[in-house]
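**Student:** Prediction below, plus the sequence it came from.
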Amino acid sequence: MKNNKIILIFLLAFVVAGLFAQPANVTFKDPTNATLNLVRLEDPSYPILTPVANRWVVKFYLSSDEIIDPLGIDGNPTNNDVFLANAPLIFGPGIGALNLNAAVVPDNMLGSYLYVRIFNSTDFANATKYMSFHTPYHVATGGAVNVTIIPTYGWFDDPVWRLIAPPATYTLTVTSTPDGKPIYKDNVDTGQVTPYTFDPGEAGTYKVVDPLYTWEPPEIVVPALTENTTINFVGTLIPPDTYTYNLHIAGPEGYVVTGPTAELSGTIPYIKTANVVADLLGDYTVADAPAGFQWVMNPITVSADMFSLVAKKNGGMNKVVLGSRTNGAKANYEYAATITFVLEEIPVQYYTVNITSDPAGAEIYVDGEDSGFTTPNIFTLAEGSDAVYTVVMGTYTWTPAQFEVTNISENMSCNFVGTPYFDIPDGTPVTPPDATVTVTITITGGNANYGSGVLPGWPNSALLNSISWI
């Protein structure tokens with residue numbers, strides 16, 4: 001009986017507690033202008049003492065845990081979060097002060113977590129963005145309570161304003177034939193190769209790159225996607241380029257030139273052509289020059305750096321103006337070089353002949369003719385010339401009697417040495433009438449004995465004996 005009384009007392013106490021339980025009335029405040037500043041990121045003109053027509057929608061939500069779950073794309077809470085109530089967004093009085101209408105949390109939901117979202121429209125159906133608490137308020141007990149928002153509970157700032165329903169995304173698949181080609185978007189390498197699916201796909205100008213191919217189309221402009229999209233590029237292999245090398249051999253007509261090979265030999269003027277420059281390289285030797293002439297250069301060595309690009313055949317047209325190939329057609333590049341054999345007269349080489357004599361002053365004869373010069377004198381002769389030089393002066397005889405130059409090829413010289421010559425006739429001299437022979441002896445120093453006697457024998461003793469001495 002006693003136990004029954006105790007149980008009855010507890011039941012009465014529980015009923016009384018239930019009769020007197022009360023909901024929570026939670027008012028969120030922000031005495032600063034922090035919330036207003038964040039709202040004005042979305043609408044810079046959002047007014048203080050907000051008129052009814054301008055008041056954005058505020059929604060209260062409850063969650064059974066401390067996690068603020070995201071909105072669904074329909075704007076409704078997800079998971080264990082539920083909508084509680086609406087309120088208008090009013091700032092003021094004061095500079096940006098925020099006082100949200102009290103949110104009433106039923107007594108049967110005490111212990112839940114309460115948070116707020118502000119939407120960017122006066123009509124929730126037209127809202128596209130919202131800002132939200134980052135931490136919910138724990139409603140532990142009933143009764144009225146004022147909660148300061150900043151900094152404990154609001155607001156998210158990265159980003160502040162979030163899309164209710166993020167825009168739908170679509171994939172963009174890029175393919176090519178052949179595949180494995182780099183994909184470029186807006187002329188920047190994406191780092192991907194075909195085939196590849198971009199998720200999400202983005203608008204832009206797409207192309208694939210491989211210079212060995214031409215692509216159809218060259219590029220594709222992709223607008224904002226409204227569905228999953230595939231674009232394809234078809235490549236055509238570009239035939240390899242070809243090269244032509246022309247070697248022009250020029251010079252006096254008719255001369256035979258011996259090239260590095262028999263195939264490269266010919267008669268001036270002629271042209272040799274090859275597809276590989278190495279086939280034209282080497283020494284080219286022209287035949288002997290005519291008498292009195294020589295070749296300025298012989299042989300002439302042809303090297304690869306002598307060839308220059310003179311024309312490009314592309315798409316059936318020769319173009320001297322060079323440029324990049326864009327139409328994908330096979331290109332032929334033509335290079336040319338010219339070697340020219342030049343004749344010149346052989347310059348004359350001159351040498352000197354220095355003629356001197358002892359004693360000097362002798363007349364010089366060249367090839368038996370008086371040259372008009374006396375010793376010493378230098379004569380100039382062309383290479384290969386001949387000449388005979390003699391000298392004449394009074395009764396001198398000369399050693400050598402003559403100086404003969406044959407086929408001169410160097411500078412030469414000759415000194416003639418003279419010997420006095422007296423032409424005294426043989427026989428008995430005849431003294432002309434009234435002729436007097438006088439011998440004068442002059443002594444410039446020292447001692448001398450003078451007396452009569454007989455002079456030493458001369459070649460003509462009769463003449464000597466006819467000389468009278470004084």
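**Tutor:** Yep, that arrived. Being a predicted model, the structure only gives us computed values, none of them experimental.
**Student:** how far is stretch 337-350 from where the chain is centred?
**Tutor:** Its chain's C-alpha centre and that of stretch 337-350 lie 41 Å apart, by Cα atoms, centre = their mean, to the nearest Å.
**Student:** Ok, stretch 395-404 next?
**Tutor:** 80 Å.
**Student:** Name the SS class of the nearest residue to residue 172 once chain neighbours are set aside, please.
**Tutor:** What sits nearest to residue 172 in space, not counting adjacent residues and going by Cβ to Cβ, 6 or more residues apart in numbering, is residue 201, at 2.7 Å. Glycine gets a C-beta too; all of them are placed from N, C-alpha and C. Look at residue 201: counting by DSSP: H, G, I helix; E, B strand; the rest coil, its state is coil.
**Student:** Could you list the low-pLDDT ranges of this protein?
**Tutor:** Confidence mapping of the chain against pLDDT under 70 gives the ranges 1-21, 95-96, 167, 315-329, 422-432, 435-470.
**Student:** what ranges do the helices span in it?
**Tutor:** 2-20, 34-42, 461-465 (DSSP state H).
**Student:** How about the contacts made by the residue nearest to residue 172?
**Tutor:** Applying Cβ atoms under 8 Å, 6 or more residues apart in numbering, one finds that residue 201 lies in contact with 169-172, 222, 225, 228-229.
**Student:** change it to 10 Å
**Tutor:** 169-174, 222, 224-225, 227-231 (Cβ atoms under 10 Å, 6 or more residues apart in numbering).
**Student:** of all those, which comes closest to residue 381?
**Tutor:** Proximity of the contacts of residue 201 to residue 381 (Cβ to Cβ) peaks at residue 174, which lies at 90.5 Å.
**Student:** just checking, that closest one touches residue 233?
**Tutor:** Yes: Residue 174 is within contact range of residue 233, at 7.8 Å (criterion: Cβ atoms under 10 Å).
**Student:** Go through the contacts of residue 201 and give me the one with the most neighbours.
**Tutor:** Compared across those, residue 174 has the highest neighbour count, 28 neighbours, by other Cβ atoms under 10 Å.
**Student:** List the residues that contact the closest residue to that residue other than its chain neighbours.
**Tutor:** Using Cβ to Cβ, 6+ apart and skipping residues adjacent in sequence, the residue nearest residue 174 is residue 183, 5.1 Å away. By Cβ under 10 Å, 6+ apart, the contact list for residue 183 reads 174-176, 189-196, 198, 206-209, 231, 233.
**Student:** The same query, at a cut-off of 7 Å, please.
**Tutor:** Contact analysis of residue 183 by Cβ atoms under 7 Å, 6 or more residues apart in numbering lists 174, 190, 192-194, 196, 206, 208.
**Student:** In these, find the pair that's most separated.
**Tutor:** Among the contacts of residue 183, 193 and 206 lie farthest apart (Cβ to Cβ), at 12.9 Å.
**Student:** returning to that earlier point: which among the contacts of residue 183 count as buried?
**Tutor:** Buried members of these, counted by 16 or more other Cβ atoms under 10 Å: 174, 190, 193-194, 206, 208.
**Student:** Put together a markdown table for those, with distance to residue 433 on each row.
**Tutor:** As requested, these are exported to a markdown table (distance: Cβ to Cβ, whole Å):
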| residue | distance to residue 433 |
| --- | --- |
| 174 | 146 |
| 190 | 142 |
| 193 | 141 |
| 194 | 143 |
| 206 | 143 |
| 208 | 139 |
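**Student:** Inside strands: which ones of those residues?
**Tutor:** Among those, the residues falling in strands (DSSP state E) are 174, 190, 193, 206, 208.
**Student:** which ones are touching the first one?
**Tutor:** Neighbour list for residue 174: 183, 194-196, 206, 231 [criterion: Cβ under 7 Å, 6+ apart].
**Student:** biggest separation within these, which pair?
**Tutor:** Counting by Cβ to Cβ, the most remote pair of these is 195 and 206, 12.8 Å apart.
**Student:** ok, for residue 79, nearest residue in space, not its chain neighbours?
**Tutor:** Using Cβ to Cβ, 6+ apart, the closest residue to residue 79 is residue 69 (4.2 Å).
**Student:** Next, the one you found: phi, psi?
**Tutor:** For residue 69, the backbone dihedrals are phi -80, psi 150 (criterion: degrees, to the nearest 10).
**Student:** go on, the one 10 residues further on?
**Tutor:** In this entry, residue 79 is assigned phi and psi values of phi 60, psi -130 (degrees, to the nearest 10).
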